[in-house]
Every structure is written in C-alpha cells, then in structure tokens.
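Engineer: Have a look at this fold, sequence not included:
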DNA sequence: CTGTTAGCGCGTTCAC
DNA sequence: GTGAACGCGCTAACAG
C-alpha cells in the first residue's frame, strides 16, 4: 500500500497540493474555510509528513545528536550518561525533535561522526560532552557550521551549560571540619578537562586550608584501577585518613580495597565519592557523596540548544554534598 | 556555502548525474575506468550522500529505533536499559545504521511513536522491549508493515530474541540446597509479561521441590516499594527465611528494610537478586545475583533485525547465578 | 486575498 | 553511458 501524500489530500479536498501545504502549516494563502476542510481531510486519513521529504526540502532534520566517545564497556558503567540522556530526551520530546545516539571509541571518531551527520543532514545540532584539554571537536563543529551546546565548559564557539564547581572546596572543607588532616584524591583520565580542573582545585584548596594532599595516578575509571590506586595509597608511608573518589566505579574499587586491607570507614579512613549512587546510600556505613543531577544537566543542554541564543552560557547551581556516615569519625 | 551534490561531481567528471550514482553504488552501467574517475573526484571533494535525499528516493531511513515506555524516573534507574542500548548501538554501528531513542510514558504512546516514525519514514525497523500480557504493539507494527524484533517473547508476528529462562528454578534449587525452606518473591509490574512468567515459574517450582512460597504485592520497581513489601513479609506470621528480589532497585529497598528491622543476611534471611550490580558484589555480605548480559541481548536483537530472516527466533543461553555470601547460611 | 503552477532539494532508476 | 522522471513537501512567482 502506497504512502498517503499531500497530493492525495489535495485530490480529496479538491484543491492544489500547494494549498494543502499552506493550510497544514498554518500559513496565509488559503481561506479559513478551505483550511478547515483540508485539515479535516488530512486528519481523517491520518496523514503525517515524511521526515525525509521535509528534511530534503527544508534542510532541517528535526533531530539532535549525541556522541559518547569512550570504550563501550566503560560507557556502560557510567550511569551518569544514561541519566543525562533521559534529561536530554525529555526536552527533545517536548520540541518534537528526534534523538540520535552514537557511541565511538575516541574524539577523532566522534569528529568523524559529526562530519558524516552533517553531510548527511541527519541532525540539526549536537550536544558535546566530556570536554577535553586539547579538544579538537569545537573547531570541527565550527568549521562545519554545525550548532552545538557543550556541557561542562564554554569553548570559544558554541553555547554551553556549565556547573558552578565548588565541589572540591565543599568536600575538603567538610573533611577538615570533621577533623581529617590528610586527604588523597583518586582521580580519572587526564585527557578530560574536568579531571585536570578537579586536580588543580584539590591541590589549591587543600593547600589553602592546610590539609595534607596527595593525588593518585590517573585512572581509567575502572574498578580495578580504583582498587589498585587505593591499595597504593594505603601502603604508602604516610597513609591518608581520607580518600576522595572521582566517581562511583572508583569508589567501589576503593572500598573493596579497604575491605581487603582490613580497614573500616570512617574510623580508619574517610570515604567520599564525587558521584552519588544507590550503593553510596545503602552501603554500610553509608558513603558521603556529591549528588549531581545529570538529568537536569541534560535537560538544560537540550533546552539551551533548542530555545537558547547563539553563544549563550547557562550556569547551573552547584551539586549538593550528601553527608553520610563514611566521613563522620567519632571524635 | 552550498552542499556538494552528485551534480557537482558529474560536472567535474564530465558525466551525467545518473552515471555518478551508478558508479558510487558499485552498480553496473559504467565502465571501470569511468567509475574510478568518478570515485576519485567524489573522494577528493569529500562527498557524502544526503541521508534525507537517500531516504526520500529509496524509502529507507538507514536507522533503527527503540522506544522505552515507562515513567522517566523509573527508566533512569534501570541500568538494564542502558547496557541493552550499548549492545544495540554497537551492532547498528557496524551496519552503518543510525540509532533513534525515545522515551514515553506508556505503551499507547509507544504505539503512537511507531506510527509517527513509520509515517515520517524516520526508521526502517524497531526493537520491541518489555513484552506485555495484553500487548497492543505487535498488532500495530504488523498493521503498519513495520519490521521489528521483540525481546523476551515471540509474538505471532515479527522476529524475536528470547532467553532460556530457567532463572527461577535455578534460584530456588540453590536456596533449597542451602537449606532454606520458606521463600518469598518480591516481584514487579503485573502488566509485564516477564513478571507473570516469573511468578508462575516461582509458584510451580517451589511447589515441585516442596518449598514454602509466598509472593509480594506487585511493585512498580521503586526502592520504596521494595522496602515496603519486604517489611510486610518480615512482619507476617510465618516469616520467610529467603527473599528473591526482581531487580536491583527492589533489592536495595529490601536490604535497607532488613537493616531497619535489625535483621542480617544470610543468617536471618537469605537475599537473592534477579539482577546483578556492583552493589550486589561489594555489599557486605555480598549478594547472590543473577548475572544477565543486557548488552549481548541488545546486540543479538540488533543483529537479528539487520541480518536475520523474517520470522526468526534466536535463543540465548540462560544467565548465570552468581552465588555469593547472602545465600550461604552457616549450617 | 485566495488559490494555482512550476520548480527546487538530491539521489535513484528506467527507458532509450 | 544519457536524459528524464520520480519520491514528497515547500515556496516563489503568478493569475483570478
């Protein structure tokens, strides 16, 4: 059975195809009466415009893309992405935009996907996540003329959603207030902007408030790496009395290392996760964690993309530190 | 700057647009020499076909869709979906198919999305998840003529990926072997096929092996529901000595209820989760769980969709029961 | 103001 | 190998 087209409607309503187009898009050029009749007919046969034809004639795909550039196994573990996607998707729905998702191994492939998407006119814009230190992507997008919103950093082009990041000072202040004096930070990938930002903030603020500070080797966010770095910290001459983990998986690796070493939190070592999760809540003792809201972040990015200006920056309030048992030592 | 089209290439290679199309698609009708020249030119200017035009002329969108029909907050919590998506996406990538994702509140909206997608020619096929008892979706898809693969159940139309589900017997046999005699099952939504399947399997097998069996009220998979149902079980006259939870979130609610009641696992009550997670692994005592592989499931579904036949059924091996401390009582 | 006609966008295909 | 028409909706130019 053939597709129902504008021509069919035109025939049924005894007008020309052009008139149907005008009527259905609420554009002037047809009388109210005719418009009604046309809309009536269109509804009765359940007509919906072909996205392909629309995209072709209007050069708009009515869809937004997101590319995640990380090894798949590690993407899978990052629940952050999924929440983020849920937020993005919700706003796109409201605007009747489709959502394209693709996963690739690194930023170069990511840039290649952008090129393809743009050449194929598959998307109208993209959301850029995981800003990098030397980030090739904004330039690629700018060269293509492809609109984008970046998340976590404002590049010299495009719009951006950034979060006030007082994370590190909040965490360190809290630990200091609880009487901890020597803190270590198990961090993530050095290629990611947010890692170097946090490492710098960690160093600086610890120095400012007079805490002993140590930073682990960079990790790839795997559980093994978390366990390994934690083990190294525990065996060092001056063992820290508090450890901050960059995300949920590192925290998991870390606490299992603690358990293996026969250490307990918060009494032997305080544990603080920079990403909250059910695990942090129900672990016993429960684990103090930074409660970000990835879905809101995604929603804000999508909203900025669809409703915002050209080079606009949206600031989101800082996340909340959920203080739990793991950082409350009996004084 | 204008898009580069086939006409441009034709002009540059001194042939007609039709010849370019034939050449670039490796179809007969042009000499090898000409083909080479055309491909050469196309590469040199970095030409990529417009997906819109291709979709319009070929009636193929080169993309596959997935709709998740659940309240967003609850989707967000189900890590299963994200892993599943990772698997799907990987296979789609290999086949150069785009991936469209949409989330809606219920199956009716889901059916509406299918209608729209099909009318708009946005996707060539979809993957159907969460089979329901009275499921309107297969009929809708069949009426539309939209190809699909369903996951978890083979409907009277479409292809399907199903998993050998010996889950319940495995779980119950294990508990019985460990000496537990009275087991309860905290289950999910009654509208989902897999809930009723599991409930039936639970009842049957418990009867067969002579275990006391009890089933909770249906839950919506929320943590609160898990805690509430667990509380109810614990306060009943004949307290079960083992509880099976349908997924990760229910397990979390359940163990927090246990803790609140001052009960310990496995000594007071055995705990078994039908979905594995980092939490199950690092919880102490660790929790016995069914280790499914959502990514493989997604990959299998995508593969069947793209490479499989018309009404084909693929069977996947049963998941593994990871036996941990939570079901090993000191005898 | 109401409506029609022609032609575009871009790749594909079929008759010649 | 070519030219022309097609798929489907949009829109500029035009006629009543």
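Structural biologist: On my side now, so go ahead. Because the structure is predicted, anything quoted here is derived from the model rather than measured. Residues are numbered from 1 along each chain as shown, chains lettered A, B, ... in the order given.
Engineer: who in the stretch 51-200 of chain A is up against chain B?
Structural biologist: A:51-56, A:61, A:63, A:72, A:75-76, A:79, A:81-83, A:85-86, A:89-90, A:93, A:98-104, A:115-116, A:119-122 (CB under 8 Å from any CB of the partner chain). (C-beta placed from N, C-alpha, C; glycine too.)
Engineer: Where does the residue most central in space within chain A fall, secondary structure wise?
Structural biologist: Geometric centre of chain A, nearest residue: residue A:84, 4.7 Å, by CA atoms, centre = their mean. Assessed by DSSP states H and E, residue A:84 sits inside helix A:79-94.
Engineer: Which strands or helices does that helix pack on?
Structural biologist: The contact analysis (3 or more CB pairs under 8 Å, 6 or more residues apart in numbering or on different chains; DSSP states H and E) places helix A:79-94 against strand A:63-69, strand A:98-104, helix A:294-307, helix B:72-77, helix B:79-94, strand B:98-104.
Engineer: can you pull the contacts of whatever residue of the stretch 101-250 of chain A ends up closest to DNA strand D?
Structural biologist: Across the stretch 101-250 of chain A, the shortest distance to DNA strand D (CB to the nearest atom of the strand) belongs to residue A:121, at 12.8 Å. Applying CB atoms under 8 Å, 6 or more residues apart in numbering or on different chains to residue A:121 gives the contacts A:55, A:59, A:61, B:50-52.
Engineer: what's the answer for residue A:272, then?
Structural biologist: Going by CB under 8 Å, 6+ apart, residue A:272 touches A:171, A:174-175, A:242-245, A:287-290, A:326-327.
Engineer: rerun that using 6 Å as the cut-off
Structural biologist: A:171, A:244, A:288, A:327 (CB atoms under 6 Å, 6 or more residues apart in numbering or on different chains).
Engineer: got it, and residue A:110?
Structural biologist: Counted by CB under 6 Å, 6+ apart, residue A:110 has contacts A:67, A:69, A:104.
Engineer: The last one: neighbouring residues, count only.
Structural biologist: Taking other CB atoms under 10 Å in any protein chain shown as the neighbour definition, residue A:104 ends up with a count of 20.
Engineer: And the helices in chain A, which stretches?
Structural biologist: For chain A, the helices defined by DSSP state H cover A:6-13, A:17-24, A:32-44, A:51-58, A:72-77, A:79-94, A:107-119, A:137-144, A:167-177, A:193-209, A:223-235, A:248-260, A:278-282, A:294-307.
Engineer: Let me know which of those is tucked in deepest.
Structural biologist: Burial of the helices of chain A is given as mean neighbour count (mean count of other CB atoms under 10 Å in any protein chain shown); helix A:248-260 ranks first at a mean of 24.
Engineer: now the angle from it to helix A:223-235?
Structural biologist: 50 degrees (axes from the mean of the first three to the mean of the last three CA atoms, to 10 degrees).
Engineer: Do any residues in helix A:248-260 lie close to chain B?
Structural biologist: Yes. Legend: contact between helix A:248-260 and chain B by CB under 6 Å from any CB of the partner chain is shown at A:252, A:256.
Engineer: just to revisit the earlier point, give me phi/psi at the residue of the stretch 101-250 of chain A closest to DNA strand D?
Structural biologist: phi 60, psi 40 (degrees, to the nearest 10).
Engineer: on that earlier part again, show the pLDDT at the residue nearest to the centre of chain A.
Structural biologist: For residue A:84, the pLDDT comes out at 98.
Engineer: looking at chain A, which helix or strand is least sure?
Structural biologist: For chain A, scoring each helix and strand by mean pLDDT, DSSP states H and E identifies helix A:72-77 as the least confident one, at a mean of 87.
Engineer: what's in contact with that helix?
Structural biologist: With contacts defined as CB under 6 Å, 6+ apart, helix A:72-77 is touched by A:68, A:103, A:249, B:83, B:86.
Engineer: So the third one sits against residue A:223, correct?
Structural biologist: The one in question is residue A:249. Yes. Checked against CB atoms under 6 Å, the pair residue A:249 and residue A:223 is within contact range at 5.4 Å.
Engineer: near DNA strand C, which residues of chain A?
Structural biologist: A:14-19, A:22, A:28-34, A:53, A:56-57, A:59 (CB under 7 Å from any atom of the strand).
Engineer: Now render the contacts of residue A:110 as CSV, adding pLDDT.
Structural biologist: Shown next, in CSV, are the contacts of residue A:110 (pLDDT from 0 to 100):
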residue, pLDDT
A:67, 98
A:69, 96
A:104, 97
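Engineer: So, low pLDDT: which residues of chain A?
Structural biologist: A:1, A:331 (pLDDT under 70).
Engineer: at 80 instead, please
Structural biologist: For chain A, the stretches flagged by pLDDT under 80 are A:1-2, A:165, A:330-331.
Engineer: Indicate which one of the helices of chain A is closest to residue B:263.
Structural biologist: Among those, helix A:278-282 comes nearest to residue B:263, with 14.4 Å by CB to CB.
Engineer: if we can go back for a sec, how about the contacts of helix A:72-77, which pair is most distant?
Structural biologist: Among these, the pair separated by the greatest distance (CB to CB) is A:103 and A:249, at 17.4 Å.
Engineer: Just give the number of residues close to residue A:63.
Structural biologist: Here the number of neighbours of residue A:63 (other CB under 10 Å) works out to 23.
Engineer: Surely it touches residue A:95?
Structural biologist: No. When contacts are counted by CB under 6 Å, residue A:63 is not listed as touching residue A:95 (10.5 Å).
Engineer: hmm, back to that, which ones, among the contacts of helix A:72-77, also lie beside DNA strand D?
Structural biologist: Okay, of the contacts of helix A:72-77, nothing touches DNA strand D (CB under 7 Å from any atom of the strand).
Engineer: Out of those residues, which is nearest to DNA strand C?
Structural biologist: Distance to DNA strand C across these (CB to the nearest atom of the strand) is lowest for residue A:103, with 26.1 Å.
Engineer: got a list of what the nearest residue to the closest one once chain neighbours are set aside touches?
Structural biologist: Using CB to CB, 6 or more residues apart in numbering or on different chains and skipping the chain neighbours, the partner closest in space to residue A:103 is residue A:68 (4.8 Å). With contact set as CB under 6 Å, 6+ apart, residue A:68 has these partners: A:75, A:81, A:103.
Engineer: What's the separation between residue A:68 and residue A:61?
Structural biologist: 20 Å (CB to CB, to the nearest Å).
Engineer: which residue does the stretch 201-331 of chain A bring closest to DNA strand D?
Structural biologist: For the stretch 201-331 of chain A, CB to the nearest atom of the strand, closest residue to DNA strand D: residue A:306, 18.8 Å.
Engineer: Next, count neighbours for the residue lying closest to that residue once chain neighbours are set aside.
Structural biologist: Nearest residue to residue A:306 in three dimensions, chain neighbours excluded: residue A:95, at 4.9 Å (CB to CB, 6+ apart). By the criterion of other CB under 10 Å, residue A:95 has 13 neighbours.
Engineer: and what of the one 4 residues further on?
Structural biologist: Applying other CB under 10 Å, we find 24 other residues in the vicinity of residue A:99.
Engineer: mind listing what it touches?
Structural biologist: A:89, A:92, B:101.
Engineer: rewinding a little: quick one: the residue nearest to residue A:103 from residue A:226, how far?
Structural biologist: Separation of residue A:68 from residue A:226 (CB to CB): 21 Å.
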